[in-house]
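S.K.: Okay, here's the prediction I keep looking at, along with the sequence it came from:
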Amino acid sequence: MSILFSLCIFAFPGFSQGRVVGVDEAGFAECNEFFYGETPPEGFTASLNVKICQWYNKEPRFATLYSTENKTPLYSAFKYTKAAQTGEESWLVEPQIDDPGNDLEEMVHEADAVGSVNNLGANQALTTDYVDSGYERGQLNPSSLNEDDFQLATYTLTNAVPMTPSLSESWHKDVENIVEQALAPHCENGAHLYLVAGAVPSSLRVKDKVSIPEFLWLAACCDAPEVWSVGFLKRPSGENGIEDLSVEKLEKQLPSGAHLFKRSCGGGSQSQKKMEAILQTINQIQSEEPILQTVAGKHGEGQRTQEKHGEGSLLKRVASIVAAPFTKLLRIIAYVLVEVVRYTCSFLWYVFKQLSNTAMGGLYSLCNGVMSYGKEISTVLVNIPWDVAKVAANIIMGFVRIFQNTLSLIYRILRIPMGLFLHIMAFPLDTLCAVPIVLKDVAAGVGGTCSLIVDATGALMSSFYYIATHLGKKFVPKFSSDD
């Protein structure tokens, strides 16, 4: 069943999608739900960082901030759902990181991306980078803390950093035990446990390409009524332990300005009693781990002793030597069969898509033709009554204009003699009516003239009288004085 599922994943990579979030989108777009208060961490602002909303089966599963410079994720943010058994590994790559103009908007298997993605591996790690390197692909968002589709979505190289096998085993075991036994039990009754797991890159590289983390870290925040948060730090040198500390102290270990949770997820207002209970459980878990490791080590030594005794048997040695080539041959045959089935499924799916596209294209063209023809016919039929009405209206308007022009012509012809006749008939009447007015004007003129003559004569006589009086006054007294 698991092999069949792996084949389906390989053959139909569209099940898994990892959308590169655009620079014009707020935060991680639809993946903001995986952050406390829908607010991503602050302080991770390098220009070569890429925000990825990790989709699987048409739904967002977690968010990742990926460094194309170091070719490793800086952190992955997710909400704890439920732990489950780890299933088959099926690692995928993100085409848009290396080829932004690529039409593939979903994660694909590395083998399927070789021929369709330009510059594959230029900005992200590939499976070949881990082969024979002594490191394995360690998940920041562990698959063991997820179930169903959430678990399958974690198998992407954008969620993996180089870890030694022992560090990878220790990291996943520590995170799984702490989350399941210490954190999740104190974040119940409908509350959400927000987790951010990250890695701080170092200058050391795997094959001069993929950065080996300086240390790993985990931050948890519960949005219960009594909000609480806690942080963890794990260094490669301390593979057998993980350090618990406050989120504020963890942020000081990260790049300058790092701020993991909105309003510090409660900050100084956290319940001291709640935090003491959580830290006590964590200490119990960490104190039990060395005992379990000692027991496991003794059990492993016993097994190795038994194997050494068993290998001393000549029959077992001969059987192992004889069986080794057949085992490898069976593995090769199984691998070839898997690849044949996978490529056969891919080819059949490609043929089906091409036939579907051709059929749908033809059907679409036919529907468009029928709709265009029907539209033109209906337009013509609808316009026929309108065109007929316009022609009839033009004919009627033509007759009206002819009738109007005829009446205007008759009026102009009749208007000339009638006006002349009316002017001739009105002349005597106008003349007779003007005689009294003329006589009145003549009499007024004569009266005015006579009045003017009388006024002039009076004025002249008055002038003579004034002169005579003035002369008499001047000379008469003079003669009287001489006498």
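M.R.: Yes, it's here.

S.K.: Double-check that residue 131 belongs to a helix.
M.R.: No: counting by DSSP: H, G, I helix; E, B strand; the rest coil, one finds residue 131 to be coil, located in no helix.

S.K.: Spell out the secondary structure type for residue 120.
M.R.: Assigned state for residue 120: coil (three-state reduction, three-state DSSP).

S.K.: What is the neighbour count of it?
M.R.: Residue 120 is flanked by 19 other residues according to other Cβ atoms under 10 Å. Where you see a C-beta, it was placed from the backbone N, CA and C, and this is true even at glycine.

S.K.: What of residue 93?
M.R.: Around residue 93 there are 26 residues (other Cβ under 10 Å).

S.K.: which residues does it bridge with?
M.R.: residue 108 (DSSP bridges).

S.K.: roughly how far apart are it and residue 65?
M.R.: 17 Å (Cβ to Cβ, to the nearest Å).

S.K.: Tell me which stretches of the stretch 51-200 of the chain form strands.
M.R.: 59-67, 72-79, 92-93, 108-109, 136-139, 160-163, 193-206 (DSSP state E, counting those that start in this stretch).

S.K.: What residues of the last one count as buried?
M.R.: So that's strand 193-206. 193, 194, 195, 196, 197, 198, 199, 200, 201, 206 (16 or more other Cβ atoms under 10 Å).

S.K.: do the same with the first one
M.R.: Applying a neighbour-count criterion of 16+ other Cβ under 10 Å, one finds 60, 61, 62, 63, 64, 65, 66, 67 buried in strand 59-67.

S.K.: Relative to residue 429, which of those is nearest.
M.R.: Nearest to residue 429 among those, counting by Cβ to Cβ, is residue 60 at 107.8 Å.

S.K.: can you tell me how far that closest one sits from residue 468?
M.R.: Applying Cβ to Cβ, the value for residue 60 to residue 468 is 136 Å.

S.K.: Name the SS class of residue 213, please.
M.R.: strand.

S.K.: what do you get for the one 3 residues further on?
M.R.: Classification of residue 216 by three-state DSSP places it in strand.

S.K.: Pretty sure it sits against residue 171.
M.R.: Yes: with contacts counted by Cβ atoms under 8 Å, residue 216 reaches residue 171, the gap being 5.9 Å.

S.K.: okay, and the common contacts of these two?
M.R.: Here residue 216 and residue 171 have residue 234 as joint contacts, going by Cβ atoms under 8 Å, 6 or more residues apart in numbering.

S.K.: could you dump the strands of the stretch 51-200 of the chain to a markdown table with distance to residue 245?
M.R.: As requested, these are exported to a markdown table (distance: least, Cβ to Cβ, whole Å):
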| stretch | distance to residue 245 |
| --- | --- |
| strand 59-67 | 22 |
| strand 72-79 | 17 |
| strand 92-93 | 34 |
| strand 108-109 | 39 |
| strand 136-139 | 21 |
| strand 160-163 | 21 |
| strand 193-206 | 14 |
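
S.K.: Now do the longest helix along the chain: which elements does it pack against?
M.R.: With secondary structure taken from DSSP state H, the chain has its longest helix at helix 314-482. Applying 3 or more Cβ pairs under 8 Å, 6 or more residues apart in numbering; DSSP states H and E, we find helix 314-482 packed against helix 2-11.

S.K.: In the stretch 201-350 of the chain, where is pLDDT below threshold?
M.R.: Residue ranges of the stretch 201-350 of the chain with pLDDT under 70: 238-240, 267-268, 289-324, 328.

S.K.: mind redoing it with 50?
M.R.: 291-314, 317 (pLDDT under 50).
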